[in-house]
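*Asks:* this is a predicted model, with the sequence first.
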Amino acid sequence: MLDKKLINKIEQKLEQHHELYRFPVKAELWEDIFDQVINGKNSNWSGGGHSSGADVISENSDGTLYQNKSGDINFNKGTIKWNGHRTTSKKTIDEKIKFISQQHYDKYVMLGRNKKDWNDGIKRYYLIIFDSNLIQYDKLNWVEKLGLRGKNKGKVVGWKGTNDELSYKASISMSMSDQLWTECDLDYLGTITEILIN
């Protein structure tokens, strides 16, 4: 169960955001809001990535490293999908898997959204906080992904990782800076807190 105080503070910040903007909270905006909630307005946070791979670092005694994401929720499939590391600096798939399998942070903090809600003018978020070790990319079976049409037909356009025994799968797309994408069953990640903004 998520801490009620934490949820209330996040909700207040989201409401403040939407008093000014119709645009949803994501990326650096979500990092900034979460940092203010756990560390206060006068924290040491600076936007735009950290060498540790964490977006927000708890400044209390535990020093928890958080990765903030705004995932895309699909209730028809019961999944959430989010993007991750760009891996162009790693030349082989083995190097990429080794890199993405390292523990770069302790916890994910997801502020998911369902596109249908937002298309219908409903400002609804889904807060999910879970241990990063729930997702282990080296437990997936990785294979080459081939282009199906056009100039890339039959050529390697990325890789996909699956395992029927796990509740998540991933892919790396060459056309997007070898970026990692992860799709996971919602019920695997634990408590989901709905936050509806008026």
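*Replies:* Alright, I've got the coordinates.
*Asks:* CA atoms for contacts and neighbours, from now on please.
*Replies:* Will do.
*Asks:* what comes into contact with the longest helix along the chain?
*Replies:* Selection of the longest helix in the chain by residue count, based on DSSP state H, yields helix 4-20. Residues outside helix 4-20 that contact it (C-alpha atoms under 8 Å, 6 or more residues apart in numbering) are 24, 25, 33, 34, 37, 38, 195, 197, 198.
*Asks:* show me which residues of it are buried.
*Replies:* Under the neighbour-count criterion of 16 or more other C-alpha atoms under 10 Å, helix 4-20 has 9, 10, 11, 13, 14, 15, 17, 18 buried.
*Asks:* and the gap between residue 162 and residue 77?
*Replies:* 16 Å (C-alpha to C-alpha, to the nearest Å).
*Asks:* need the worst-confidence member of the contacts of helix 4-20.
*Replies:* Across the contacts of helix 4-20, the bottom pLDDT score, 90, is held by residue 198.
*Asks:* what's the closest non-adjacent residue to the residue nearest the centre of the chain?
*Replies:* Geometric centre of the chain, nearest residue: residue 69, 3.3 Å, by C-alpha atoms, centre = their mean. Using C-alpha to C-alpha, 6 or more residues apart in numbering and skipping residues adjacent in sequence, the residue nearest residue 69 is residue 110, 4.8 Å away.
*Asks:* surely that neighbour touches residue 72?
*Replies:* No. Counting by C-alpha atoms under 8 Å, residue 110 sits too far from residue 72 to count as a contact (9.7 Å).
*Asks:* compare these two (neighbour count), which wins?
*Replies:* residue 110 (24 against 19; other C-alpha atoms under 10 Å).
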